[in-house]
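**Q** Turn this into a structure:
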Amino acid sequence: GDYTVEAAYGASWNGGNSTDALIINLFTIGSYALSDFTELGADVNASTIVNATDGLLIKRRTIGSINSFPSGDWLFQSAAVNMSNSQNVDLLGMCFGDLNGSYVTQPNKNALSSDISLTKSGTLSVREGETFVLDITTEQMLEFGALTLSIDYPENMVEFVQMSTALFGMEVNDDGSTINMAWSSLNATSLKARDVLLSLEFVLTKGADDFELKALWNCEIANDKASVLSNLSFNYPSVEISNPEEITLYQNYPNPFKNQTELAFTLPANGAVTLVICNYLGEKVEVITSDYLHPGKHQYALKRGNLASGIYQCQLSVMMDGELIQKSINMIID
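**A** Below you'll find the model as predicted:
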């Protein structure tokens with residue numbers, strides 16, 4: 001008799017990324033050809049029309065902001081067969097959104113990228129408790145239209161704060177140990193050697209000497225034609241852990257100031273801290289913080305608010321190991 005053969009597959013989804021999102025953008029303007037079957041696989045929101053929305057959903061699933069598509073995970077052809085004779089039937093299949101066929105069977109989630117490397121260059125001195133920024137710079141000239149990065153960081157040492165970049169529309173998701181990023185554009189971006197690709201801001205929560213960033217297996221960068229680039233190297237500074245030996249209250253910056261200034265101090269150990277602003281009569285006019293703080297550098301922004309022009313004193317008091325230590329600086333408001 002006549003039958004229809006259909007297929008199903010229960011493996012996890014992968015393979016789709018920013019390169020596929022770029023392919024969709026190129027397809028919509030007529031600059032990239034898709035087979036009828038692959039075009040069906042590009043329609044991840046099951047709208048029957050392939051457009052930029054599908055590309056955005058692919059990028060968001062790549063970084064883990066969403067975990068499913070309206071279309072499902074897998075697409076297979078069906079075939080009509082007559083069972084009067086035994087026969088083999090080949091059916092095309094693909095992950096929805098994986099337009100260039102980069103699906104990996106049973107990937108090692110901790111494996112490193114074979115096309116992208118992160119190498120330490122230079123040194124950044126950081127104290128425990130301090131916020132710091134790592135610039136990721138390129139070693140070579142680079143022109144690209146799609147970028148997918150999964151950067152692993154030591155979650156036992158730092159907390160991720162934010163990512164900044166000049167790439168408009170970058171999608172970012174931090175899962176607690178990996179920063180996942182996805183970007184694509186029809187307008188290719190060009191970088192010279194040593195240009196900053198992006199910056200990662202962390203807080204050092206625990207001092208150690210083995211801070212390392214790793215580019216994971218699913219990282220991929222493609223040119224403006226959606227061709228994957230290989231042998232790409234990026235640099236970031238080595239993190240050197242330093243601990244303050246004494247309490248230091250830094251001069252505010254800027255000084256004098258009109259609207260806002262930055263205050264900072266370092267602690268060599270845990271302590272009960274009070275930071276206040278006093279006028280020329282010694283009267284307390286502002287309490288910046290009154291808290292039990294950990295070792296490291298602490299920074300605060302002081303807004304002028306209703307404070308009149310004149311000379312003020314910033315007073316730091318720290319109770320540490322039963323001893324009261326006091327520091328002060330003078331500030332000028334224009």
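**Q** Tell me where the protein has helices.
**A** 18-28, 36-42, 52-62 (DSSP state H).
**Q** Tell me which of the ones you listed approaches Asp210 most closely.
**A** helix 52-62 (28.7 Å; C-beta to C-beta). Yep, even glycine has a C-beta here, placed from its N, CA and C like the rest.
**Q** For that closest one, buried residues please.
**A** The neighbour-count check on helix 52-62 (16 or more other C-beta atoms under 10 Å) flags 54-62 as buried.
**Q** circling back: what would the helices of the chain look like in JSON lines with mean pLDDT and distance to Gly93?
**A** JSON lines is the format used below for these (pLDDT from 0 to 100; distance: least, C-beta to C-beta, whole Å):
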{"stretch": "helix 18-28", "mean pLDDT": "98", "distance to Gly93": "16"}
{"stretch": "helix 36-42", "mean pLDDT": "97", "distance to Gly93": "9"}
{"stretch": "helix 52-62", "mean pLDDT": "98", "distance to Gly93": "18"}
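**Q** Name the spans of the stretch 151-300 of the chain whose pLDDT lies under the cut-off.
**A** 208-209, 243-244 (pLDDT under 70).
**Q** Please enumerate the strands of it.
**A** Using DSSP state E, counting those that start in this stretch, the strands of the stretch 151-300 of the chain run over 158-164, 171-174, 178-191, 196-204, 214-215, 220-222, 232-242, 248-249, 260-267, 271-278, 284-293, 296-303.
**Q** which one of those is the most hemmed in?
**A** When the strands of the stretch 151-300 of the chain are scored by mean count of other C-beta atoms under 10 Å, the highest mean neighbour count falls to strand 220-222 (a mean of 24).
**Q** List the single closest residue to Leu200 in space, sequence neighbours excluded.
**A** Nearest residue to Leu200, sequence neighbours excluded (C-beta to C-beta, 6 or more residues apart in numbering): Leu134, at 4.9 Å.
**Q** want to throw the strands of the stretch 151-300 of the chain into TSV with distance to Ser114?
**A** TSV is the format used below for the strands of the stretch 151-300 of the chain (distance: least, C-beta to C-beta, whole Å):
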stretch	distance to Ser114
strand 158-164	24
strand 171-174	23
strand 178-191	18
strand 196-204	19
strand 214-215	10
strand 220-222	10
strand 232-242	11
strand 248-249	46
strand 260-267	42
strand 271-278	48
strand 284-293	44
strand 296-303	38
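**Q** what's the closest of those to Met83?
**A** strand 220-222 (43.1 Å).
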